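Q: Predicted model and sequence follow; I will ask about them next.
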Amino acid sequence: MRSSERFYQWLINNRVFGAYVRNYIEGRGMPTRIKIFTILLLWLTIGLSITFGVQNIVIRIALICIAIGVTAHISLIKKRKVEDI
């Protein structure tokens with residue numbers, strides 16, 4: 001995002017998720033339902049990757065550790081009411 005002004009502008013002005021990205025960057029928080037959806041999607045994709053895409057046990061463990069870290073990070077983002085978006 002920071003290496004390309006064009007990509008940054010596209011990202012923060014995106015009609016689908018631009019408001020969420022702007023709110024995150026500005027420290028204004030994230031709605032609870034979006035947090036839950038994000039964490040569920042994270043674990044679904046990591047789980048599918050571990051099950052079908054990766055055979056190496058070290059990489060599987062690394063993916064689980066990354067998912068735990070990202071889950072903790074998302075959980076610690078302050079809550080924001082949906083109406084505020």
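A: Received the coordinates, thanks.

Q: Now do the strand or helix carrying residue 9: everything it contacts.
A: When elements are defined using DSSP states H and E, residue 9 is found to belong to helix 5-12. Here helix 5-12 makes contact (CB atoms under 8 Å, 6 or more residues apart in numbering) with 1, 2, 18, 21, 22, 25. (C-beta placed from N, C-alpha, C; glycine too.)

Q: Any figure for the gap between the third one and residue 37?
A: It stands for residue 18. Distance of residue 18 to residue 37, given as CB to CB, to the nearest Å: 17 Å.

Q: In terms of neighbours, single out the busier of the two.
A: Between residue 18 and residue 37, counting by other CB atoms under 10 Å, residue 18 is the more crowded of the two (14 against 11).

Q: Which residues are in contact with the more buried one?
A: With CB under 8 Å, 6+ apart, residue 18 has these contacts: 11, 12.

Q: Report pLDDT for it.
A: pLDDT recorded at residue 18 is 92.

Q: ditto for residue 32
A: Listed pLDDT for residue 32 reads 92.

Q: Pull the number of nearby residues for it.
A: Using other CB under 10 Å, residue 32 is surrounded by 12 other residues.

Q: Just confirm it contacts residue 79, I think it does.
A: Yes. In this structure residue 32 lies within contact range of residue 79 using CB atoms under 8 Å: 5.6 Å.

Q: returning to what we had before: tilt between the next helix or strand after the helix holding residue 9 and helix 5-12?
A: Under the assignment DSSP H and E, the closest C-terminal helix or strand after helix 5-12 is helix 18-25. For helix 18-25 against helix 5-12, the angle by axes from the mean of the first three to the mean of the last three CA atoms, to 10 degrees is 110 degrees.
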